[in-house]
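1. Next input, structure requested:
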Amino acid sequence: MGADEALRIALLTYSTKPRGGVVHTLALAEALARRGQDVTVFSLGRGGDSAFFRDVDPDLRVRVVPLPEIDGEELGPRILRSISTLAAALVPERDGFDVVHAQDCISANAAGRPIRTVHHIDEFSTAQLIACHERAIRDPVAHVCVSEPVAAELREGWGITATVIPNGVDAARFAAAAGPDAAPARAAWTARLGRYVLAVGGIEPRKGSVELLEAFALLQGSHPGVRLVIGGGETVFDYRDYRAAWQARAGELGVEPVVLGPVPDPELPALVAAAEVFAFPSVKEGFGLAAMEALAAGVPLVASDLPVLRRTFDGAATFAGTVPELAAALSAVLHDGPDPTRRVAGRALAARHTWDAAALSHLQLYRRLSADGSVTTRGA
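-> Alright, predicted model coming up:
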């Protein structure tokens, strides 16, 4: 294969819903297509979905594989059925691709031995998920991580050396949402919600949802009228018990959060840009794409004091290691407004993380692996 010849690339994801890994898959695929590559995106279509949560570049080929719902199906059997359904669609076509690149443990298991991006290291209690996660780290022919701390976890836990390629972000889209032309869209959100603290990612343990409730309870007496707003939340996992406990805790604390659920993609940037402050209290992250989008919009960011977030957002965010610290940091922004230095740094940081740069780094990796006789990305 010549150095300039287009690669036939399959990018695999487990869902059509707006989760970070799915956003990553589509944006990377589109950036690779802009570089002249022949890209097909494979995904499971859950609940009758036949397309992704947003329109995609017409240069991409998209294969959404139906995965019908089964009433009462437990998580473990659903994971196994997800893997087998995606594999049945992919395997007959696999040898037609030069590169097969999976973005999660379900698609990595379906693909056999792909390149794998590890966005973060998960911890599961369901036996099928534990096995899925382990195979999806152990079996791939090569690994990509979106940050150095995640790569360090792979080295320390499995002796695997990964290539670090940070996420991109559509900074221009979120910056425009903070500009004068988008003032009506922002005003629509503030008319509906008033002043608000925003978190995006839904209600789940990894997102620190209970910790955020407890922090908001500490500050709301000093900031009457400010609301806690939660957006997003589509996931393959079953967090019903956690969400019920979260709602019960909200009642105990006297907090009345606004739970928007998944927000239509065209409306998301204005929702972010209209927020007083973006809360990112995750207890486990690989990069923090939603937080980077908030910085692109010029919204103050208060994040968990995790090594990965320190490395990604240092100089652009305020960090909090405990619930009282989180409450104090959010309260300070609500009282004083954005810190101008951090706002400038955040916008500059987001602007540096482009999907075109991420695509170039991926393409260089793909070509290096294709030229390396010890590693094959096709038919493995």
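2. can we go C-alpha only for contacts and neighbour counts from here?
-> OK.
3. List the residues that contact Leu309.
-> Shown in contact with Leu309 (CA atoms under 8 Å, 6 or more residues apart in numbering): Glu285, Phe287, Gly288, Ala303.
4. Compute the number of surrounding residues for the third one.
-> In other words, Gly288. Gly288: 21 surrounding residues under other CA atoms under 10 Å.
5. For it, give its distance to Val259.
-> 20 Å (CA to CA, to the nearest Å).
6. do the first one as well
-> Using CA to CA, we find Glu285 at a distance of 22 Å from Val259.
7. out of those two, which sits in the more crowded spot?
-> Shown here are Glu285 and Val259; by other CA under 10 Å, Glu285 has more neighbours (23 against 15).
8. gap between that one and Cys132?
-> In terms of CA to CA, Glu285 sits 19 Å off from Cys132.
9. And the helix or strand encompassing Ile137, what does it pack against?
-> Using DSSP states H and E, Ile137 sits within helix 127-138. On a contact count with 3 or more CA pairs under 8 Å, 6 or more residues apart in numbering; DSSP states H and E, helix 127-138 meets helix 75-90, helix 105-111, strand 115-118.
10. Name the residues of the first one that come out as buried.
-> For helix 75-90, burial by neighbour count (16 or more other CA atoms under 10 Å) applies to Leu75, Arg78, Ile79, Leu80, Ser82, Ile83, Ser84, Thr85, Leu86, Ala87, Ala89, Leu90.
11. Could you pull up phi and psi at the nearest residue to Glu285 once chain neighbours are set aside?
-> Spatial nearest neighbour of Glu285, chain neighbours left out: His120 (5.9 Å); criterion: CA to CA, 6 or more residues apart in numbering. Per-residue torsions, His120: phi -160, psi 160 (degrees, to the nearest 10).
12. any residues touching the helix holding Ile137, and which ones?
-> By CA under 8 Å, 6+ apart, helix 127-138 touches 76-77, 79-80, 104-106, 108-109, 116, 118, 122-124, 158.
13. Looking at those, spot the one nearest Arg46.
-> Distance to Arg46, by CA to CA, is smallest for Ile79 among the contacts of helix 127-138, at 12.1 Å.
14. Reformat the helices and strands packed on helix 127-138 as TSV; add mean pLDDT and distance to Ala176.
-> Shown next, in TSV, are these (pLDDT from 0 to 100; distance: least, CA to CA, whole Å):
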stretch	mean pLDDT	distance to Ala176
helix 75-90	93	37
helix 105-111	95	34
strand 115-118	97	30
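15. Report the buried residues of stretch 300-312.
-> Neighbour count says stretch 300-312 has Pro300, Leu301, Val302, Ala303, Ser304, Asp305, Leu306, Val308, Leu309, Arg310, Thr312 buried, by 16+ other CA under 10 Å.
16. Show me what stretch 19-32 is in contact with.
-> With CA under 8 Å, 6+ apart as the test, stretch 19-32 has contacts from 11-16, 39-41, 56-57, 59-60, 103-104, 119, 167-168, 201, 232-235, 289-290, 355-356, 358-360, 363.
17. pull the CA atoms of that stretch into CSV?
-> Provided in CSV are the C-alpha atoms of stretch 19-32 (Å, rounded to 0.1, in the frame of the first residue of the first chain):
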residue,chain,number,x,y,z
ARG,A,19,-22.2,9.5,24.9
GLY,A,20,-18.6,10.7,24.9
GLY,A,21,-17.2,7.6,23.1
VAL,A,22,-19.9,7.9,20.4
VAL,A,23,-19.3,11.6,20.0
HIS,A,24,-15.6,10.8,19.7
THR,A,25,-16.2,8.0,17.1
LEU,A,26,-18.3,10.2,14.8
ALA,A,27,-16.0,13.2,15.0
LEU,A,28,-12.9,11.1,14.4
ALA,A,29,-14.6,9.4,11.4
GLU,A,30,-15.5,12.7,9.8
ALA,A,31,-12.1,14.1,10.3
LEU,A,32,-10.5,11.0,8.7
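18. buried residues in it?
-> For stretch 19-32, by 16+ other CA under 10 Å, it's 19, 21-32.
19. Sounds good, over and out.
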